[in-house]
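*Asks:* model the structure of this input:
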Amino acid sequence: MWKSLKTLVLFALIANVSSDQVLASEPMKEYGIVLLPTSEICMETERLNKEITKTFPNIANQPNNFHITLLQGRFKESNLASLIEAVKATLTDNFICPLAIELEPALSLHGAQNIFWDVKKNSALLNLHGLMVHNVSMLRDASLQRYQDTYLTLAPHHQKQIDQFGVRNVLEHYHPHFTLFYGEKPAKEQIEAQTQNMKQIAQSLVPNKDLLKFTATTVAIGELGYQGNLIKIIEKIELK
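*Replies:* Here you go, the predicted structure:
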């Protein structure tokens, strides 16, 4: 009898551990909630990207659907449907209309590896970003992997945002932009040289001055690559 009972207890413990391991290993993905550009702006971002990649042929040009990030997060794949519904409800409940977007007339360098086409902040864009942070970030299951990997090297205010929202550069630190080029972090001894090279190309390229304003009519939800590049659009929501 005791032997049978011992066997049952052991089986239950093993089953419980196996169950915990399955839950802990549930597939997770990183998703972005973004604004998509018009076709004209998309063509211009592609043109600028191609010019940049000519200068850095040894750096992989990451696959990307050009976008303005509203929020990013790491979620269980099983929570994707809930994420999509939360985004749709936020847009509907707050009567979000198409947004007027204005772009800076020059490109900028971010760190030693990324080239941005910055977006000028306005009240409608800041409001939409804030709504996504407060209504959707609570659904996340973990912080972004790249922030987990670099957490200890980040400034305290960035760590605080990651602890609270799973990402940094949100709310008062929000920095809307198109990332035109996702470079690679150079070795320590090469940072200065790569920064100078990136800075030169960013300063030499000039966006079409007739394409500095557009109306964003589409919010999208998509799968992200490690660097935050939008590799797959999953859902599009048209603003009316």
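*Asks:* pretty sure A106 sits against Q203.
*Replies:* Yes - counting by C-beta atoms under 8 Å, A106 does reach Q203; the two are 7.4 Å apart. Using the backbone N, CA and C atoms, a C-beta is placed for each residue, glycine as well.
*Asks:* what's the average pLDDT for the one helix or strand L70 maps to?
*Replies:* Using DSSP states H and E, L70 sits in strand 68-76. Model confidence over strand 68-76 averages 97 on the pLDDT scale.
*Asks:* other SSEs contacting the helix or strand following that strand?
*Replies:* Of the helices and strands lying after strand 68-76 in sequence (DSSP H and E), the nearest is helix 80-93. With contacts taken as 3 or more C-beta pairs under 8 Å, 6 or more residues apart in numbering; DSSP states H and E, helix 80-93 sits against strand 28-36, helix 123-136, strand 218-224, strand 230-238.
*Asks:* the third one relative to strand 230-238, how many degrees between them?
*Replies:* With axes from the mean of the first three to the mean of the last three C-alpha atoms, to 10 degrees applied, the angle from strand 218-224 to strand 230-238 works out at 150 degrees.
*Asks:* what comes up buried for strand 218-224?
*Replies:* Neighbour counts over strand 218-224 (16 or more other C-beta atoms under 10 Å) mark 218-224 as buried.
*Asks:* circling back to that earlier point, contact partners of the strand holding L70?
*Replies:* 26-35, 37, 83, 101, 119, 128-129, 132-133, 136-137, 139-145, 166-167, 170, 176-178, 216, 219, 224, 228 (C-beta atoms under 8 Å, 6 or more residues apart in numbering).
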